[in-house]
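Visitor: here are the coordinates; sequence isn't available:
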């Protein structure tokens, strides 16, 4: 009997996570593996673990706007909104500029309910 698709998807995601975690045991600073496992943790709903990876990436690559953007997403998913806005502001200051994606990213849906996001984006656009 065939297993339900949902279970297979979860199994594949767990396999992916285990694969990247093994790579990171060998090289804890492997940037591509950190990014991949952080994304997988988020898809799995393990937002605390994803945020821990994001924090590591921002320490390893402090000028990487994408790393800071992902950290803001994790914070938003954890409902740590003030920190999420601060972190997103930092990502924007470092040059994150994919506003089209930011405005539809499901990870940031909770931030889009706040007028703070519009203010933040207007400030960023005014400073360019």
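Guide: Great, that's in hand. Nothing here was measured: the structure is a model prediction, and the numbers come from that model.
Visitor: tell me what the longest helix along the chain is packed against?
Guide: Taking DSSP state H as the criterion, the chain has its longest helix at helix 5-26. Packing partners of helix 5-26 (3 or more CB pairs under 8 Å, 6 or more residues apart in numbering; DSSP states H and E): helix 31-44. Placement of C-beta: from N, CA and C, glycine included.
Visitor: mind checking pLDDT for residue 123?
Guide: With respect to pLDDT, residue 123 scores 87.
Visitor: And for it, the neighbour number?
Guide: As a burial measure, residue 123 scores 12 neighbours (other CB atoms under 10 Å).
Visitor: Centre of the chain to the strand or helix carrying it, how far?
Guide: Following DSSP states H and E, one finds residue 123 within helix 115-126. Relative to the centre of its chain, helix 115-126 is centred 20 Å away, using CA atoms, centre = their mean, to the nearest Å.
Visitor: Quick one: list the elements packing against it.
Guide: helix 81-93.
Visitor: Mind listing residues that contact the helix it packs on?
Guide: Helix 81-93 is contacted by residues 65-66, 68-69, 71-73, 75-76, 108, 110-111, 114, 116-117, 120-121, 124 when judged by CB atoms under 8 Å, 6 or more residues apart in numbering.
Visitor: same deal with stretch 120-128?
Guide: Contacts of stretch 120-128 (CB under 8 Å, 6+ apart): 85, 88-89, 92-93, 99, 102.
Visitor: and what of stretch 59-66?
Guide: By CB under 8 Å, 6+ apart, stretch 59-66 touches 29, 31, 34, 57-58, 67, 91-92, 94-96.
Visitor: Distance from the chain centre to that stretch, please.
Guide: 12 Å.
Visitor: give me the element residue 57 is part of.
Guide: Residue 57 belongs to helix 47-60, assigned by DSSP H and E.
Visitor: now the helix or strand just after that helix, how far from the chain's geometric center?
Guide: Using DSSP H and E, the helix or strand that follows helix 47-60 towards the C-terminus is helix 65-77. For helix 65-77, the separation from the chain centroid amounts to 4 Å (computed by CA atoms, centre = their mean).
Visitor: buried sites along helix 65-77?
Guide: For helix 65-77, the neighbour count (16 or more other CB atoms under 10 Å) marks 65, 67-77 as buried.
Visitor: Done for today, thanks.
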